[in-house]
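Colleague: sequence and predicted model, in that order:
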Amino acid sequence: RKLDLILHSQMRWITADSMENFANFMTKFLPNESVQQPPPLMYIDLIADQGQMYLDPEPEEYLHGYERMLREAIDSVPTVPAMEAELVPFFEYRAERRVQPTAVRAK
């Protein structure tokens, strides 16, 4: 009986602890007024006009901006190995290509 009570209390503690950890993890995604959120990368507005729905910016314009943002991010990657060793003394960078870049196809 004593062993059964010990196992029961440990299982209850493990379950409660797991649920608390999960709840804490999920609450990190809730908006918090005390923490400043980063600005969005892009805005998309849904406009209703005379029974018609429009996206602003247009999908092509959005894709162009998204591709430009990705190109700028890719272009900034080669600066990493050029950083001064004093800025990141324990960073051991070995240049190796893991993914072959492909050309972006225009529609």
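Modeller: Alright, I've got the coordinates.
Colleague: run through the helices of the protein in chain order.
Modeller: Using DSSP state H, the helices found in the chain span residues 2-27, 59-76.
Colleague: which among those helices is found nearest to Q37?
Modeller: Of all these, helix 2-27 sits nearest to Q37, with 14.8 Å by Cβ to Cβ. Placement of C-beta: from N, CA and C, glycine included.
Colleague: low-confidence regions, this protein specifically.
Modeller: 41, 79-107 (pLDDT under 70).
Colleague: would you list the helices of the chain in TSV and tack on mean neighbour count and distance to P39?
Modeller: Shown next, in TSV, are the helices of the chain (neighbours: other Cβ atoms under 10 Å; distance: least, Cβ to Cβ, whole Å):
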stretch	mean neighbour count	distance to P39
helix 2-27	9	22
helix 59-76	11	13
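Colleague: same list (those helices) but as JSON lines, adding distance to P40.
Modeller: Shown next, in JSON lines, are these (distance: least, Cβ to Cβ, whole Å):
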{"stretch": "helix 2-27", "distance to P40": "21"}
{"stretch": "helix 59-76", "distance to P40": "12"}
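Colleague: quick check: the residue of the chain positioned farthest from its centre vs S9, distance?
Modeller: The centre of the chain is farthest from one residue, R1, which by Cα atoms, centre = their mean lies 49.5 Å away. R1 sits 13 Å away from S9, going by Cβ to Cβ, to the nearest Å.
Colleague: re the thing from before, how close does the residue farthest from the centre of the chain get to R12?
Modeller: In this view, R1 and R12 are 16 Å apart by Cβ to Cβ.
Colleague: repeat that for N21.
Modeller: 15 Å.
Colleague: same question, Y43
Modeller: To R12, Y43 is 47 Å away according to Cβ to Cβ.
Colleague: for N32, what are phi and psi?
Modeller: phi -130, psi 120 (degrees, to the nearest 10).
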